[in-house]
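[1] just coords:
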């Protein structure tokens, strides 16, 4: 079963290297597959290089897709990263 959740990029600088690293580091702790979609572009959420190609600026809506035995926990963790602005909110 694939789970989905939509989040918004709330940090001012969007998905640059540090937030992408945070996503990949968190995702590596889970067995489930992770994909992120912005518009028509969908990438592997466990690949920092692919994540950076999304070019997601502040305000961009991202769909998180996870599939696997721990997909629900994975989506929760990734959604929390987005909600907290990857620690970049002042």
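    Received it, and whenever you're ready, just let me know what you need. Since the model is a prediction, treat every value here as computed from it, not as a measurement. Residues are numbered from 1 along each chain as shown.
[2] drop to CA atoms for contacts and neighbour counts, all remaining ones
    OK.
[3] which residue sits closest to residue 6 in space, ignoring its chain neighbours?
    With C-alpha to C-alpha, 6 or more residues apart in numbering as the criterion, residue 6 has its nearest non-adjacent residue at 4.3 Å, and that residue is residue 63.
[4] wait, isn't the one you found in contact with residue 37?
    Yes - with contact defined as C-alpha atoms under 8 Å, residue 63 counts as touching residue 37 (5.0 Å).
[5] What is the end-to-end distance of stretch 27-45?
    In stretch 27-45, first residue to last residue: 7 Å (C-alpha to C-alpha, to the nearest Å).
[6] how much space between residue 56 and residue 2?
    Counting by C-alpha to C-alpha, the separation of residue 56 from residue 2 is 23 Å.
[7] Mind checking which of those two has more residues around it?
    Taking neighbours as other C-alpha atoms under 10 Å, residue 56 and residue 2 compare with residue 56 leading, 20 against 13.
[8] Roughly how far does the more buried one sit from residue 86?
    The gap separating residue 56 from residue 86 is 14 Å, by C-alpha to C-alpha.
[9] how many neighbours does residue 79 have?
    With other C-alpha under 10 Å as criterion, residue 79 counts 20.
[10] Which secondary structure state does it sit in?
    helix (DSSP: H, G, I helix; E, B strand; the rest coil).
[11] That one - nearest residue in space that isn't next to it in sequence?
    Nearest residue to residue 79 in three dimensions, chain neighbours excluded: residue 7, at 6.5 Å (C-alpha to C-alpha, 6+ apart).
[12] I appreciate the help and will end here.
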